[in-house]
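**Student:** Okay, structure incoming, though there's no sequence with it:
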């Protein structure tokens with residue numbers, strides 16, 4: 001029954017998301033993904049809605065409003081919050097070497113990870129929407145993709161660090 005409900009709602013959700021996305025400043029796929037998540041959470045907690053089509057239309061509009069509200073508050077960071085400004089030449093050279101090593105490790109990652117992490121490390125401080133546009137993926141996929149790529153980077157860097165020697 002759940003599968004039939006999801007199959008029946010798919011075209012309606014796609015149409016509603018395409019209609020609401022431009023006004024929300026969002027991608028239709030991002031709205032669809034958010035509404036599917038809300039529907040699956042509801043099915044798990046309460047069961048199917050009594051009027052699924054009406055529920056779906058309301059859910060799309062709610063997600064579009066939420067997206068409009070939150071995107072208006074997004075602002076890029078001004079400067080580096082960790083920058084204390086009074087580092088000497090030695091600290092600057094070490095920081096530069098760490099950045100080079102990090103970027104070299106990022107380039108060795110598989111798949112889309114190098115492009116994604118380079119975009120996240122960009123000094124232009126791109127928003128998720130801009131990064132998704134550059135990579136040609138939905139904005140909602142960036143978080144999981146970023147987590148996967150950071151896990152790959154973590155494993156790569158951990159393998160390069162020498163194991164500690166015996167103590168004593």
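**Tutor:** Done, it's in. A quick note: this is a predicted structure, and the numbers were derived from the prediction, not measured.
**Student:** Residue 7 and residue 126: what is the separation?
**Tutor:** Distance of residue 7 to residue 126, given as C-beta to C-beta, to the nearest Å: 36 Å. In short, each C-beta sits where N, CA and C put it, glycine included.
**Student:** Let me fix that, I meant to ask about residue 37.
**Tutor:** Distance from residue 37 to residue 126, by C-beta to C-beta: 24 Å.
**Student:** neighbour count winner among these two?
**Tutor:** In terms of neighbours (other C-beta atoms under 10 Å), residue 126 is the more surrounded of residue 37 and residue 126; the figures are 16 against 13.
**Student:** Helix or strand: which one has residue 19?
**Tutor:** According to DSSP states H and E, residue 19 maps onto helix 2-24.
**Student:** Would you mind listing the buried residues in that helix?
**Tutor:** For helix 2-24, the neighbour count (16 or more other C-beta atoms under 10 Å) marks 6, 9, 13, 16-17, 20-21, 24 as buried.
**Student:** What is the end-to-end distance of stretch 135-144?
**Tutor:** 14 Å (C-alpha to C-alpha, to the nearest Å).
**Student:** any residues touching it, and which ones?
**Tutor:** 26-27, 29-30, 33-34, 112, 115-116, 119, 128-129, 131-132, 145 (C-beta atoms under 8 Å, 6 or more residues apart in numbering).
**Student:** quick revisit: which residues touch the helix or strand just after the helix holding residue 19?
**Tutor:** Counting by DSSP H and E, the next helix or strand C-terminal to helix 2-24 is helix 28-45. Contact with helix 28-45 is made by 2, 6, 9, 13-14, 17-18, 20-21, 24, 48-49, 55-56, 59-60, 63-64, 67, 138-141, as judged by C-beta under 8 Å, 6+ apart.
**Student:** make it 6 Å
**Tutor:** For helix 28-45, contacts defined as C-beta atoms under 6 Å, 6 or more residues apart in numbering pick out 13, 17-18, 21, 59-60, 63, 138-140.
**Student:** Which one of these is nearest to residue 97?
**Tutor:** residue 139 (33.8 Å; C-beta to C-beta).
**Student:** If we ignore the residues flanking it in sequence, what's nearest that closest one?
**Tutor:** residue 132 (4.2 Å; C-beta to C-beta, 6 or more residues apart in numbering).
**Student:** check which helix or strand covers residue 66.
**Tutor:** In the assignment (DSSP H and E), residue 66 maps to helix 52-73.
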